[in-house]
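Structure of the sequence below:
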Amino acid sequence: MSASNLCGIFVLLSFSVFQCFALNDPACADLLQISPSRLVVRYEDPASALCTITQDAVDPDLFSWEASTGHTLISGPRNRTWKVDKVDQWDMAPQCYSNFLVKNEDVQCNTQLKMTVYQPPDSIQLLAEMEGDMVEGREYTFNCSIEKVAPIQDLKVRFYRGDTLLDTQVPNETTGLKPQSAAFPLTVTAREEDDGSEVWCEASLDLDLEDRPVKKSARVRTSVLYRPRIQTHLDSKQPVSITEGDTLELNCTARAKPAPSYSWTIPQGLGHTLNTSVLILPHVKHTGNYTCTVQNSQGTDAITYLVEVKVDWLPIIAALVGAVILVVIVIGCLIFKAHYNQTRTGGYDLRNIFQSLKGASNHVALSNGSLL
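Numbering: from 1, shown residues only. Now for the predicted structure:
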């Protein structure tokens, strides 16, 4: 017998002394207490709740539970337990009821158990609208398809790229107690850094549970085509200085997908060096602009280096200094030689020394020390 029918019977039998209060009426708030106050149970799992009265019932036979399924257990004069072995209904609303003496009047109070029956998604799948490679700068949509989840109004869907949260979505104005299916779209703009990353989604029910049910989709690996971007540690605005005769090495390695081609333009009509990211020129001699162009199906990037070839004066200066030293040594030797010869003959003339520098090879020394 339902609590509402009980109210009707008692009103008819004793209208002057009995009052019937609606569900959760304030006058009954402290008389009936249900534990737990809210029950969250998975579909087809067992469930139970305890109803406790804070004062004796007028008639213990009218202290019980009313529910569409399950049974009531008496666990004491002030306790009634509702128990069901398997929750197989989506709209369950068990009520605890009892009659009390309130302000010298016999009244009946009813309290409904707040109950949520849930079911995690049967399946979840992330589908990409495109086929094959994505192209940098274009928009693409992923759909997270979720099958048979309840209650759908408590559903939260999250999208991730790797471990980075991209978006969180909830159903739009969708309610219901029974399982439903839904699809949630995510639109993204393809970027270079997304190449090779994995996109996935997860569905969870935002319920008062210690271990909330979460279901994750398989990961979708993305491939993004993008134009070349040259990576270099050199500042192209600053000249590259190099000594004449050294080996020039310039790097214009680029990130790109698909793999790019390289070409170099160098000064002095030396032509083009094709398909190499690193230009190596031994014994460089030419100052000017050295330009690298990188190209693939998505675009082009280029960089120009101003190379300044400088002469190394140190070897030249060293050679000149060496020559001067050699001349000084030669002059010193000639002066010494002239001094030595004159000392043996008793005199010498400095003019002869300088003349000897011009024609020393034509002079012949005699046995007495004189020069011819």
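
contacts, neighbours, all on C-alpha from now
Noted.

Return the distance of stretch 236-246 from the chain's centre.
39 Å (Cα atoms, centre = their mean, to the nearest Å).

no, scratch that, I was asking about stretch 43-58
Distance, centroid of stretch 43-58 to centroid of chain: 49 Å (Cα atoms, centre = their mean).

One more: stretch 91-102?
With Cα atoms, centre = their mean, you get 54 Å for stretch 91-102.

buried set for that stretch?
For stretch 91-102, a neighbour-count test (16 or more other Cα atoms under 10 Å) marks Met92, Pro94, Gln95, Cys96, Tyr97, Ser98, Asn99, Phe100, Leu101 as buried.

In contact with the third one, which residues?
Which is Gln95. Shown in contact with Gln95 (Cα atoms under 8 Å, 6 or more residues apart in numbering): Trp65, Glu66, Ala67, Asn110, Thr111, Gln112, Leu113.

quick one: buried residues of stretch 122-133?
So, applying 16+ other Cα under 10 Å, buried residues of stretch 122-133: Ile124, Gln125, Leu126, Leu127, Ala128.

What of stretch 215-224?
In stretch 215-224, counting by 16+ other Cα under 10 Å, buried: Lys215, Lys216, Ser217, Arg219, Val220, Thr222, Ser223, Val224.

between the residues you listed, which is nearest Leu39?
Lys215 (22.0 Å; Cα to Cα).

quick one: secondary structure of that closest one?
strand (DSSP: H, G, I helix; E, B strand; the rest coil).

what's the spacing between it and Gln125?
Using Cα to Cα, to the nearest Å, we find Lys215 at a distance of 10 Å from Gln125.

beta partners of the residue nearest to the spatial centre of the chain?
The centre of the chain sits closest to Thr164, judged by Cα atoms, centre = their mean, with a distance of 5.0 Å. Taking DSSP bridges, one obtains Arg161 as the residues bridged to Thr164.

And it, how close does it get to Gly137?
Using Cα to Cα, Thr164 is found at 20 Å from Gly137.

go on, Arg227?
11 Å.

which one of these two has more residues nearby?
Set Arg227 next to Gly137 and count neighbours by other Cα atoms under 10 Å: Arg227 wins out with 23 against 14.

A helix includes the more buried one, no?
No - read with three-state DSSP, Arg227 is strand and lies in no helix.

So which of the buried residues of stretch 215-224 is the closest to Cys292?
Val224 (24.4 Å).

how near is the closest one to Leu127?
Counting by Cα to Cα, the gap from Val224 to Leu127 is 17 Å.

State the number of residues packed around Leu250.
18.

The residue nearest to it when sequence neighbours are not counted: which element?
In space, Leu250 comes closest to Leu279 once its chain neighbours are excluded; the distance is 5.1 Å by Cα to Cα, 6 or more residues apart in numbering. Using DSSP states H and E, Leu279 falls within strand 278-281.

Contacts made by that strand with the rest, please.
Thr247, Leu248, Glu249, Leu250, Asn251, Cys252, Thr253, Trp264, Thr273.

Any idea what the fifth one is bridged to?
Counting by DSSP bridges, Asn251 forms beta bridges with Val278.

Might you report the residue contacts of it?
So Asn251 contacts Thr232, Ser277, Val278, Leu279 (Cα under 8 Å, 6+ apart).

which of these are buried?
Ser277, Leu279.

Now secondary structure, distance to Ala150 and pLDDT too, for the contacts of Gln95, in CSV please.
CSV is the format used below for those (DSSP: H, G, I helix; E, B strand; the rest coil; distance: Cα to Cα, whole Å; pLDDT from 0 to 100):
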residue, secondary structure, distance to Ala150, pLDDT
Trp65, strand, 26, 95
Glu66, strand, 24, 94
Ala67, coil, 21, 93
Asn110, strand, 28, 90
Thr111, strand, 25, 90
Gln112, strand, 21, 93
Leu113, coil, 19, 94
